[in-house]
Structure formats: structure tokens, C-alpha cells
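Student: A predicted structure for the sequence below; I have some questions about it.
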Amino acid sequence: MSDDAQGLYDWLLTHRFYLRSSEVRYYYELEGQTIGIIHIQGIQNLLVHVSNFEENLPKSLPVRDFVEQTALGKLHAVVAEMKENNDTYDVIIASDTVIYFEGEILGKPADAKDAFKTLQRLRGREHLVYSGVALAYKDGTEEVFSEETRVEFGEYPDRIIQQYVDSGEPL
């Protein structure tokens, strides 16, 4: 392990993290990727905390502003609640992800029917996925950033789309 990696690992072992999520699947996705690797290496101080932030920003905002402001709103809601409860943290991570297609921000589908229609609409086309991330540190500093990913959606038949929707993954 490089000195930089060892330093990061040592830091992670001694800090307490909160992941802002209203959906447990985000925790498992992270656990199965980067945080899961860290967890296997002995870091067991990742806690999931649900934000009470109402996600109702106007979708007329520029998409980067939308995901960054939503992530910040979630972050501030968790920080306020933790202060109110005298809870401590080293880092809080909040995020928001949306699809941007044909000039429209598409959020999480309302139900299976909505998910199916959205996936049909994306079929065989390219769209953008924007993720905003906000971090709060125990010293009161914050960071916010966003990333854009270009996605080319395959030409899947309706039965494959329906199987995917039935798996519950897009919900």
C-alpha cells in the first residue's frame, strides 16, 4: 500500500461517517463498491441517516444547480438534526442523482408504470446522468460538487425493460 493510501486508510479508520439516504439500496450500492472494500478492511463506522429534506426544487434550474442544491439541502437537514440531538460526526455525505434527457430533469420514477415509460423513452438514445455530492466536516466546512456521465441506453425490448422494472432496481 502506498504512503498516501495508508494515510487515507488510517484516517478512515478513526472517523465516523454518515451517509444521507432515504433508501437503503444506496447504502448497499456503496457498500458493494468503495465503502464495502473499506468495510471489509475493518472500517465499520459508516452510518446511514435519513434526511427530512423535501426534494421539491424547481426543475427549471440548471441541472448542475439542481443536483448540488438538492444535495446541500439534504446535508443541511441532517446537520441540523444531528446538532439538535447532540450527535457527533466526522463527515456527512449527501447526494442526489437525476437523468437529464431532451432538456428535462427526470427524477426517481413515481411507480413501476412510470419507470417503464421512462426506460422506453430512453431506449436506444443517449442521455446524461448528473450526481451532486455535498460533504460536511466536523470543523464546519462543506464541499459540494457534481459530475456528469454520458450514458448510451441500449435497444432493449419491452420484455427486458419490464423484467428490469420488476426487479425493483429503478424504483
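Tutor: Looks like it arrived, so ask away. Numbering: from 1, shown residues only.
Student: Which secondary structure state is assigned to residue 165?
Tutor: In the three-state summary, residue 165 is assigned as helix, counting by DSSP: H, G, I helix; E, B strand; the rest coil.
Student: average pLDDT across stretch 93-102?
Tutor: Mean pLDDT, taken over the full extent of stretch 93-102, equals 91.
Student: which residues in the protein form strands?
Tutor: In the chain, the segments counted as strands under DSSP state E are 17-20, 46-49, 91-101, 104-106, 126-137, 142-152.
Student: in stretch 60-76, what counts as buried?
Tutor: Burial within stretch 60-76, assessed by neighbour count using 16 or more other CB atoms under 10 Å, is assigned to 63, 66-76. Using the backbone N, CA and C atoms, a C-beta is placed for each residue, glycine as well.
Student: okay, the angle between the top helix by length along the chain and strand 142-152?
Tutor: Using DSSP state H, we find that the single longest helix of the chain is helix 63-84. For helix 63-84 against strand 142-152, the angle between stretch directions is 140 degrees (axes from the mean of the first three to the mean of the last three CA atoms, to 10 degrees).
Student: From the contact counts, what lies against helix 63-84?
Tutor: Packing contacts for helix 63-84, counted by 3 or more CB pairs under 8 Å, 6 or more residues apart in numbering; DSSP states H and E, involve strand 17-20, strand 46-49, strand 91-101, strand 126-137, strand 142-152.
Student: ok now that helix, how far from the chain's centre?
Tutor: A distance of 12 Å separates the C-alpha centroid of helix 63-84 from that of its chain, computed with CA atoms, centre = their mean, to the nearest Å.
Student: Give the rounded mean pLDDT of that helix.
Tutor: Taken as a whole, helix 63-84 has an average pLDDT of 92.
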